[in-house]
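Chemist: sequence unknown, structure follows:
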């Protein structure tokens, strides 16, 4: 036991260091080359330990991992929700670290087996991300290793299999680095040639893909996307109508553009109108006047009510006609936009739970808008950009462009807006669609399917992006194979553990 405790003296700090690397790997710091070191350092800290010791280090490493790069959550409700979220996510993280260490100790891989073990460690890492992204209450689909790579050449991996595939690739690189360091000498050392070939393939593939990724658009439309720079936080106590007025004011910038007379679609962000024009005649008149002046259909976010239910919605507004279609957010954020199992969770934190009112109901309609019968836009709201299934549904529904309408006002000058914009950039490559990411306060940007930035606005400034935007209708490999990869990876992760467990039992 003394030897084991002495090992923990250096292994615990090393594991925490591995988690802390996330602070610099994720946007805005974006030192993307550090990303494989996160799993690599955590593996170095835990390989050779038993299951429960690795779980302990994995739990501490996970706390460091999450808190270091999603500290912006505390800006909204304070440190308690941040710690609660990081702790919940750390259970997944710790168990996956423990499972990887157990697999290594029971398997005792040598030579070529070390590369196979690196694959297994990457598979377990990616499976853990999948579980954390989906459970419970829809999970926390953030903080994936792939989300460190929006502006790098490695981002092209999402074209083939989505964010999960890129996470797997980065975790595999980290696994190779870790086992090579541990087994770089001796007769059972890792075989260099297969490892180097694997690393070369992982690096060269996205480089070649990036050079060849130049899809042909089916049409081009002029889009005007407006950032109102409004204090649109959920708990802001502004004068009624001030957020709407901010966006009306910023929309006047459209008419300074040489493309002002050719607008095909005007887009405002989530919550851009703090007055529901479906229930307020003055707001309806004002919004219709703007749509008529621009001479184009208009998609914007507002809070709507139907009976006793409230929804975080976007409306498709036709000039002179009014709202012709709507989308309600399908995945409102748990414990922020609604409280699941309220009575149960209120037992633990009544003050915090009571800060969130009845909350939004869950939408059931798809986010597909037929814009003037001319083209098809797919819309999603805020954190839904991180949900794999919603993007797949929009593309399957015929979306030729994707609108990501968001409100980042609760998170101030934090990394959150850059992390979310980075996800939107990855989604453009993954879906093969232009993504218009428009925020109340920024960062707003238009991303092409190559990953390039067509236009961008400075945060916390009034602004309007008026661009000729290409539309696409092709299908990327990620759109038909991404879900299959996640399923296959789940089977692989479970299979590695199952096979080793059976082999050990038979001995």
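Modeler: Thanks, I have it. Computed from a predicted model, the values in this text were never measured in an experiment.
Chemist: residues contacting residue 115?
Modeler: If a contact means Cβ atoms under 8 Å, 6 or more residues apart in numbering, then residue 115 has 176, 179, 190, 191, 194, 195, 198 as its contacts. Just so you know, the C-beta spots here come from the backbone N, C-alpha and C atoms, and that holds for glycine as well.
Chemist: hang on, I meant residue 117
Modeler: Contacts of residue 117 (Cβ under 8 Å, 6+ apart): 103, 104, 107, 109, 175, 179.
Chemist: and the contacts of residue 115, which is closest to residue 91?
Modeler: Of all the contacts of residue 115, residue 91 sits closest to residue 179, with 25.8 Å by Cβ to Cβ.
Chemist: as TSV, the contacts of residue 117 with secondary structure would be great.
Modeler: Converted to TSV, these look like this (DSSP: H, G, I helix; E, B strand; the rest coil):
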residue	secondary structure
103	helix
104	helix
107	helix
109	coil
175	helix
179	helix
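Chemist: count the residues that sit near residue 494.
Modeler: Residue 494 sits with 14 neighbouring residues when counted by other Cβ atoms under 10 Å.
Chemist: now residue 370
Modeler: 14.
Chemist: that one reaches residue 379, doesn't it?
Modeler: No: in this structure, residue 370 is not within contact of residue 379 by Cβ atoms under 8 Å, at 12.0 Å.
Chemist: any shared contact partners between those two?
Modeler: Counting by Cβ under 8 Å, 6+ apart, no residue touches both residue 370 and residue 379.
Chemist: picking up where we left off before, out of the contacts of residue 115, which are buried?
Modeler: Neighbour-count burial (16 or more other Cβ atoms under 10 Å) applied to these gives 176, 179, 190, 195, 198.
Chemist: buried subset of the contacts of residue 117, written for ChimeraX?
Modeler: A single ChimeraX command is used to select the members of the contacts of residue 117 judged buried by 16+ other Cβ under 10 Å:
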select :103,104,107,109,175,179
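Chemist: looking at the contacts of residue 117, spot the one nearest residue 205.
Modeler: Nearest to residue 205 among the contacts of residue 117 is residue 175, at 17.4 Å by Cβ to Cβ.
Chemist: test my guess that residue 198 contacts residue 172.
Modeler: Yes: at 7.5 Å, residue 198 counts as touching residue 172 under the criterion of Cβ under 8 Å.
Chemist: residues contacting the most centrally placed residue in the chain?
Modeler: Taking Cα atoms, centre = their mean, the centroid of the chain lies closest to residue 386, which sits 3.2 Å from it. Contacts for residue 386 (Cβ under 8 Å, 6+ apart) come out as 133, 141, 142, 420, 423.
Chemist: which of the helices or strands spans the fourth one?
Modeler: Just to be clear, that refers to residue 420. Residue 420 is part of helix 416-431 when elements are defined by DSSP states H and E.
Chemist: right, and the helix or strand after that helix?
Modeler: strand 434-439.
Chemist: what confidence value was assigned to residue 340?
Modeler: We have a pLDDT of 88 for residue 340.
Chemist: so it sits in a strand?
Modeler: No: counting by three-state DSSP, residue 340 is not found in a strand; it is coil.
Chemist: what's the burial count for it?
Modeler: Residues near residue 340, counting by other Cβ under 10 Å, number 13.
Chemist: so it sits right up against residue 334, yeah?
Modeler: Yes: counting by Cβ under 8 Å, residue 340 does reach residue 334; the two are 5.4 Å apart.
Chemist: contacting residues around the helix or strand that contains residue 197?
Modeler: Assigned by DSSP H and E, residue 197 falls within helix 192-212. Outside helix 192-212, the residues that touch it by Cβ under 8 Å, 6+ apart are 112, 114-115, 118, 153-157, 159-160, 169, 172-173, 176, 180, 450-451.
Chemist: so how far is that helix off the chain centroid?
Modeler: 25 Å (Cα atoms, centre = their mean, to the nearest Å).
Chemist: repeat that for stretch 421-428.
Modeler: 8 Å.
Chemist: what do you get for stretch 335-354?
Modeler: Chain-centre distance of stretch 335-354: 24 Å, with Cα atoms, centre = their mean.
Chemist: quick check: residue 358 touching residue 310?
Modeler: Yes: in terms of Cβ under 8 Å, residue 358 counts as a neighbour of residue 310; the distance is 7.2 Å.
Chemist: in terms of neighbours, single out the busier of these two.
Modeler: Taking neighbours as other Cβ under 10 Å, residue 358 and residue 310 compare with residue 310 leading, 19 against 11.
Chemist: give me the three-state assignment for that one.
Modeler: strand.
Chemist: likewise for residue 314?
Modeler: Classification of residue 314 using three-state DSSP returns strand.
Chemist: who does it bridge with?
Modeler: Assessed by DSSP bridges, residue 314 has beta-bridge partners residue 301, residue 327.
Chemist: and it, what does it touch?
Modeler: Neighbouring residues of residue 314 by Cβ under 8 Å, 6+ apart: 270, 299, 300, 301, 302, 326, 327, 367, 379, 381, 405.
Chemist: ok, so of those residues, who is nearest residue 492?
Modeler: The nearest one, if we look at the contacts of residue 314 relative to residue 492 and count by Cβ to Cβ, is residue 367, at 32.4 Å.
Chemist: that closest one and residue 273: what is the separation?
Modeler: Distance, residue 367 to residue 273, using Cβ to Cβ, to the nearest Å: 18 Å.
Chemist: widest-spaced pair of the contacts of residue 314?
Modeler: Taking Cβ to Cβ as the measure, the contacts of residue 314 span a maximum distance of 15.1 Å, between 302 and 367.
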